[in-house]
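**Student:** Next come a sequence and a model predicted from it.
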Amino acid sequence: MKKLLILALAILSAATTRAQKSYTLSSPDGRLTTTVTAGEQLTYDIVFDGRTLLESSPLSLKLTDGREWGPAARIQKSQRTSVDTTIPSPFYRSSEVLDRYNGLILKMRGNWSVEFRAYDDGIAYRFATTEKVPFEIENEQAEYRFPADYTTTVPYVMLGCDGDFEKQFRTSFENIYTTARLSELNPGRLAFLPLMVDLGDGMKLCITESDLNDYPGMFLLNEDGGCHLKGRFAPRPKDAGRHTIQKPIRGRETHIAQIDGPRAFPWRIAVVGTDTSIASSDLSYLLAEPSQLDDTSWIKPGKVSWDWWNDWNLSGVDFRAGINTETYKYYIDFAAEKGIEYVILDDGWTVKEQADLMQVVPEIDMRGIVEYATAKNVGIILWATCLNFDRDMEAVCKHYSEMGVKGFKVDFMDRDDQMMTDFNHRAAAMTAKYRLILDLHGTHKPAGLNRTWPNVLNFEGVYGLEQMKWAPASVDQIKYDVQIPFIRQVAGPMDYTPGAMRNASQGNYYPCYSEPMSQGTRCHQLALYVVLDSPLNMLCDTPTNYLKEPECTKFIVDIPTVWDETRILDGRMGEYIITARRKGSTWYIGGITDWTPREIAVDLSFLDGTYDAELFRDGINADRKASDYKRETIRVSNSEPLKIKLAPGGGFTLKIEK
């Protein structure tokens, strides 16, 4: 009997061994590897230089018809690929980016597959299907099992409805970061992407996603206090109703996605590296669906004179400033004089009770404003809620493009379930059809949409400067500013809206809706135009304030918004960052710090000689008077670093021209 038992166990063990298959995939430089195992579960891990960063973590898709893609997967074919090329990246931080990876595709029985890619700076995977008959996905399993209780930096959803995930699924994706160990994360609060895990020894892992098309975005949650994170997805809405601002949810389905045919699903990305290498990562862009536009010559990035943040506050004029034709002509005159590409008409130009973008308030002569702006070579962008824009999207785009409007800023999506991610793609496609640029405000991270539809120039999904109209003094915006380049910006550009001319040193800030201010120094604000990716970038303050500050205004309006090359020269997440960007033969370098004053050494070894440069730096009294700055012309060389002192909450900019 004992021999029979041993024999049976041996047979069972052999069968299990035969059933389980493992495949190892390494990055091109060989330092980063993942082992994908198909057995009782489908799992993968991440190992860097022999150190396990992520333990074997399961992945699967569960369908409502009972099928499950992942467990007990039966592999029909494995296919390996290697790619080493560059791709054009218009309207991005670089004019082209390196696409270099090793890939593995496992094709399974049952019309599905899983694809892995190993880059030098990360591991990514996605599911795909050749299923032709429509089906529903009940849920997706995406887990991150870490070998230790690492420190994390996460953006919780703003709503504090602990445990009520339905309310948390309705979020604007704006919040400052919370830092805690994995085991200490709130089990009742969802965190949205990207988020960061500090692995120790200078290594970090940033989790995000790309190619988020017609599929819900992923939140992460630690439910039980362990050392792992699990994906959560908003179920598909049953009905999105009508409302003047948002689309309220009137019940949800029991599944997260409805699938109509063959497709690939979003990429799950783990960016791995040091602070500066993660801040330099292009994986979100690289893993997106390629551009749907053959001709992008009509797309014009640039800067925007913005009305809403400064509350339409003008002085020294002989008309009542506000939402009216006279005010917007003044903004247009200012933009034309300074060489600013666009003026936006934000909230208030339509009749609110009607929720109809074809009904303009009587104080606005829209056609007259557009004609006036066109004559002065200034483009007009119109703000709209997603609901109003979606009511008759094509009619709206056709009408205003024929009038001469150049684009839309669409706001208040406040969700990323399947219905809303589909809206973003439909809006991108429709605006492109009528040669309109698009700024998706009130939405989630870009997730590669800016590559697929290059006319989508910017996205919010960031706790930007608009918060300083109402945020209490307890909010540390300066700390947040030196976190987002390493976390949120990994997912793509962001509509942060810098440019405040009223600046507050530590302890002097207070919220003021009609005359808002920034935390930190004037040079901190100027440096944000270098540090942050924003192809369509706002001048948030009033023309009145800019006209009083000609030096700073000239710097802002002259700086490009898209680049030929970007380098992260130095930085530590949550402390400081120094970024260099090149347009043609001109370099801009910008740096910001937290509330800690510091002297930094800017590495200029990438230059090819000695140059005269324009420097904006914090004034000697900037710690007390945040608007204090000094502009000077200095000589710089590649033979030695440039030392600059930063005030608390300070910054600097350097413009280097041949």
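**Tutor:** Everything's here; your move. Numbering: from 1, shown residues only.

**Student:** ok, which stretches of the stretch 551-658 of the chain are strands?
**Tutor:** Under the criterion DSSP state E, counting those that start in this stretch, the stretch 551-658 of the chain contains strands at 565-572, 576-583, 586-593, 598-602, 610-618, 629-637, 642-646, 651-656.

**Student:** Serialize those strands to CSV and add fields for mean pLDDT and distance to K406.
**Tutor:** From N, CA and C alone the C-beta is placed, and that goes for glycine too. Shown next, in CSV, are the strands of the stretch 551-658 of the chain (pLDDT from 0 to 100; distance: least, C-beta to C-beta, whole Å):
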stretch, mean pLDDT, distance to K406
strand 565-572, 98, 26
strand 576-583, 98, 22
strand 586-593, 98, 25
strand 598-602, 98, 37
strand 610-618, 97, 30
strand 629-637, 97, 32
strand 642-646, 98, 37
strand 651-656, 98, 28
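
**Student:** Turn those strands into a markdown table, including mean neighbour count and distance to Y546.
**Tutor:** What follows is the strands of the stretch 551-658 of the chain, written out as a markdown table (neighbours: other C-beta atoms under 10 Å; distance: least, C-beta to C-beta, whole Å):
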| stretch | mean neighbour count | distance to Y546 |
| --- | --- | --- |
| strand 565-572 | 18 | 26 |
| strand 576-583 | 23 | 22 |
| strand 586-593 | 25 | 19 |
| strand 598-602 | 14 | 27 |
| strand 610-618 | 19 | 15 |
| strand 629-637 | 14 | 15 |
| strand 642-646 | 18 | 24 |
| strand 651-656 | 26 | 16 |
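
**Student:** which stretches of this protein have low pLDDT?
**Tutor:** The model of the chain has pLDDT under 70 over residues 1-19, 240-248.

**Student:** Wait, D99 touches I87, no?
**Tutor:** Yes: between D99 and I87 there is a contact under C-beta atoms under 8 Å: 5.2 Å.

**Student:** More neighbours: which of the two?
**Tutor:** A count of neighbours by other C-beta atoms under 10 Å puts D99 above the other of D99 and I87, at 18 against 14.

**Student:** Could you pull up the residues touching that one?
**Tutor:** Residues near D99 by C-beta atoms under 8 Å, 6 or more residues apart in numbering: 83-87, 286.

**Student:** if you set the cut-off to 6 Å instead, what comes out?
**Tutor:** Neighbour list for D99: 83, 85, 87, 286 [criterion: C-beta atoms under 6 Å, 6 or more residues apart in numbering].

**Student:** Can you check my assumption that it lies in a helix?
**Tutor:** No: according to DSSP: H, G, I helix; E, B strand; the rest coil, D99 belongs to no helix; its state is strand.

**Student:** Determine the number of other residues adjacent to D239.
**Tutor:** Other residues near D239 number 12, with proximity taken as other C-beta under 10 Å.

**Student:** Tell me, how many residues neighbour the closest residue to it other than its chain neighbours?
**Tutor:** Of all residues not flanking D239 in the chain, R250 sits nearest, at 4.4 Å (C-beta to C-beta, 6 or more residues apart in numbering). Per other C-beta under 10 Å, the neighbour tally for R250 reads 10.

**Student:** P472 too?
**Tutor:** 8.

**Student:** again with P550
**Tutor:** 10.

**Student:** Repeat that for the one 4 residues further on.
**Tutor:** Around K554 there are 14 other residues, counting by other C-beta under 10 Å.

**Student:** again, but for F91
**Tutor:** F91 has 23 nearby residues by other C-beta under 10 Å.

**Student:** just to revisit the earlier point, could the strands of the stretch 551-658 of the chain be laid out in a markdown table, adding distance to N313?
**Tutor:** A markdown table is the format used below for the strands of the stretch 551-658 of the chain (distance: least, C-beta to C-beta, whole Å):
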| stretch | distance to N313 |
| --- | --- |
| strand 565-572 | 35 |
| strand 576-583 | 31 |
| strand 586-593 | 27 |
| strand 598-602 | 35 |
| strand 610-618 | 25 |
| strand 629-637 | 23 |
| strand 642-646 | 30 |
| strand 651-656 | 25 |
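
**Student:** is it true that I559 touches Y529?
**Tutor:** Yes: at 5.1 Å, I559 counts as touching Y529 under the criterion of C-beta atoms under 6 Å.

**Student:** of these two, who's got more company?
**Tutor:** Taking other C-beta under 10 Å, I559 and Y529 do not tie; Y529 has more neighbours (24 against 19).

**Student:** isn't there a strand covering that one?
**Tutor:** No: in this structure, Y529 is helix, not part of a strand, as judged by three-state DSSP.

**Student:** From I137, how far off is it?
**Tutor:** For Y529, the distance to I137 (C-beta to C-beta, to the nearest Å) stands at 42 Å.

**Student:** do the same with K548
**Tutor:** From K548 to I137 the distance is 56 Å (C-beta to C-beta).

**Student:** Could you do F652 as well?
**Tutor:** For F652, the distance to I137 equals 49 Å [C-beta to C-beta].

**Student:** In PyMOL, how would I select the buried members of the contacts of D99?
**Tutor:** Selecting only the buried entries of the contacts of D99 in PyMOL, with 16 or more other C-beta atoms under 10 Å as the criterion:
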select buried, resi 286
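
**Student:** List just the nearest of the contacts of D99 to N450.
**Tutor:** N450 has its nearest neighbour among the contacts of D99 in L286, at 12.2 Å by C-beta to C-beta.

**Student:** which residue packs closest to the closest one, ignoring adjacent ones?
**Tutor:** D99 (5.3 Å).

**Student:** just K398 next, same as before
**Tutor:** Y434 (5.9 Å).

**Student:** All good on my end, thank you.
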